[in-house]
Structures are given as C-alpha cells and as structure tokens.
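> with the input below, show me the fold.
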Amino acid sequence: MRPDAAILLTLALALAATPAAYGQPGDVQLFFEQQSLGNGGVEYSLDIIAFPVFFGPAQGTLTAPDGVVFDGFNPPIGGMDFQQLGDRFFGEWVISAFDFSTGGTTDFAFTLGPFTLDDVFSETPTITAPVASGGQVTIPAPTGAAEFELAWGYPSGAVPSSSIIRTSDRGGGGTSVADFGSGANSAVILTELDPGVASNDFVYRAGSFDDLAGFVSAVVPDDPSTAITFSATAEFRNFSEPITVTIAVPEPGVLTLACVAACGLAIRRRRV
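Numbers count the residues shown, from 1 in each chain. Got it, this is the predicted structure:
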C-alpha cells in the first residue's frame, strides 16, 4: 500500500463506536473484512496498516504465512472466500526490520491463530435508509451541507455491540462524518460539499467489527538482545452491500426563475 493510499484509507474508515474493552491498535494491524455482494453472497479481504514497521526508523517488511511480503506499498488483498482467507493468512507472520543495535536485520514472529465465523459476529447487514443496500439516492443540499440518517439491520434483528461505517468520496469534493449517537444500528451522517462543488457522490457500507485479540500472539524477536519491540492486533469487520448517496445543490426551480423574472419586470416598469 502506498503511503498516500494508506492515509486515504485511514480517512475513509468511518468513526466507530468502540467499547472500552477493545484493545489499542498495534504496530501491525490486520483487518479481515467480510463484504456483502448482495443476494446473500459475500467475499473476504485483508488490509494491513503497519506504519511503524514500514515507514519507521527500522523500515521493515512483513511476511504472511503464505509467503506474500508486504512493504507498505501493497494494496488490500480481496476476492477470497473464507477458506482461502484462512489458508493464506492463519499461521506465523514475520516482521523483518533493521536493528540499529546490531547493525543487521532482526526477525520478529507472531502467530494469528485460526478463527471461524462462529467466533465473530458475521451475520450480513443490510442498509435500510436512506435507500436500501445496492441503491442510490440524491439528497438536496441548498446550502452545500446536508444530514441524513443511515440505518441498517440484520435478518435476526440483532444489535451488535459495535458499529462501523465506511465511506468513500468518489468525486473528492466533500466531507462526511458519522455521529453514532442516534441509536442502535443507525447513525446521523453529516455531509458538506467543498466550496464551488455542486454535487458529489458518497459511497457507504455499514456493519460491525470484532477484536481478534484472543487469536494473536505476542511478537517475539529471534534475537532476545534487540532493543526493538513490536506489537500486533487483528480485527474482523463485517460490511453491508454499499449504497451511493449523491449530495447536490438544487438548480433554481421554474417558480424561482419566474419570480426573479417578474421582479425584474416590475423594477423596469417602475423605472419607466
């Protein structure tokens, strides 16, 4: 993943309602994602954020159990089923980093133990408002700013203990912030267009997340004398099929134009 792409990803990840029991981010963060494809289909992906490893003083690499090497310029790996996800990424991970104390490279290993979909909340969510999952809606924003409720649900009626919204900005012409104070399985979305922008598309996915701390071991160096330390965390995210919301400044209506024209005519008549 390129550094600029990683920053964009960080900005794109929505504000999450995180219970206090959830752990702190590690130097290596593994994000396993289940994404709804609609009609009951799902696919899985892995994304990695590890700034201290990739871009810190040690400038190291991270090798997955399947041998893939991540160096900070790798895009997320997607399009997998859950079996493929486990075959490739359950097992031993290795961080290789330059060690200033020895002048060479030190390896650090940690293990991601296998988990199943029964170990996490994996019921597929569906967005219900402002439009159903897979749909698109336009919301007028006369002042360039608008707010709306984003709501979603689960077939069982479940209310998970965590909520997450991912938003991406297709046109690069506005901002979007989620306020989870509105209730269970819902949030108020505050959007604002950039100055001079008449409309912009925002894409939203909603769902839940689970901390996988119980499946991640401590990071252990192969040289106990090294002064470098790393930590690792993992998270499972469960996303709905996306919706697209177009925030647009309405064009002047016919009545408004007629009123303007009538007012102009009246002014001209008074001047005669």
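
> which residue ranges of the stretch 51-200 of the chain form strands?
61-63, 69-70, 77-80, 91-99, 104-112, 126-129, 136-140, 145-153, 164-169, 174-179, 186-193, 199-211 (DSSP state E, counting those that start in this stretch).

> of all the ones you listed, which one is nearest S217?
strand 104-112 (4.4 Å; CB to CB). No exception for glycine: its C-beta is placed from N, CA and C like everyone else's.

> ok, back up a step: nearest to A232, out of the strands of the stretch 51-200 of the chain?
Nearest to A232, of all the strands of the stretch 51-200 of the chain, is strand 104-112, at 4.8 Å by CB to CB.

> let me see the contact set for R237.
Going by CB atoms under 8 Å, 6 or more residues apart in numbering, R237 touches 31-34, 164, 207-209.

> repeat the analysis, applying 10 Å as the threshold.
13, 16, 31-35, 45, 47, 120, 162, 164, 166, 205, 207-210 (CB atoms under 10 Å, 6 or more residues apart in numbering).

> report pLDDT for the closest residue in space to T233 that isn't next to it in sequence.
Of all residues not flanking T233 in the chain, G26 sits nearest, at 3.8 Å (CB to CB, 6 or more residues apart in numbering). pLDDT for G26: 83.

> wait, a strand at G26?
No. Using DSSP: H, G, I helix; E, B strand; the rest coil, the assignment for G26 is coil, not a strand.

> and for it, the neighbour number?
Neighbour count for G26, taken as other CB atoms under 10 Å: 20.

> element containing F236, please.
strand 232-239 (DSSP states H and E).

> same question for that strand, mean pLDDT?
pLDDT averaged over strand 232-239 gives 98.

> state the next helix or strand along the chain beyond it.
The element immediately downstream of strand 232-239 (helix or strand, assigned by DSSP H and E) is strand 243-248.

> what's the distance between that following strand and the middle of its chain?
18 Å (CA atoms, centre = their mean, to the nearest Å).

> circling back to that earlier point, need the strands of the stretch 51-200 of the chain in CSV with distance to S231, can you?
Converted to CSV, those look like this (distance: least, CB to CB, whole Å):
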stretch, distance to S231
strand 61-63, 13
strand 69-70, 16
strand 77-80, 22
strand 91-99, 10
strand 104-112, 9
strand 126-129, 34
strand 136-140, 41
strand 145-153, 32
strand 164-169, 22
strand 174-179, 28
strand 186-193, 30
strand 199-211, 14
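
> let's have the ones you listed in TSV, adding distance to T233, mean pLDDT and mean neighbour count.
Output for these, formatted as TSV (distance: least, CB to CB, whole Å; pLDDT from 0 to 100; neighbours: other CB atoms under 10 Å):
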stretch	distance to T233	mean pLDDT	mean neighbour count
strand 61-63	13	98	20
strand 69-70	15	97	16
strand 77-80	18	97	14
strand 91-99	12	96	19
strand 104-112	10	96	18
strand 126-129	28	98	19
strand 136-140	35	97	14
strand 145-153	25	97	18
strand 164-169	15	92	21
strand 174-179	22	95	18
strand 186-193	24	96	20
strand 199-211	8	97	22
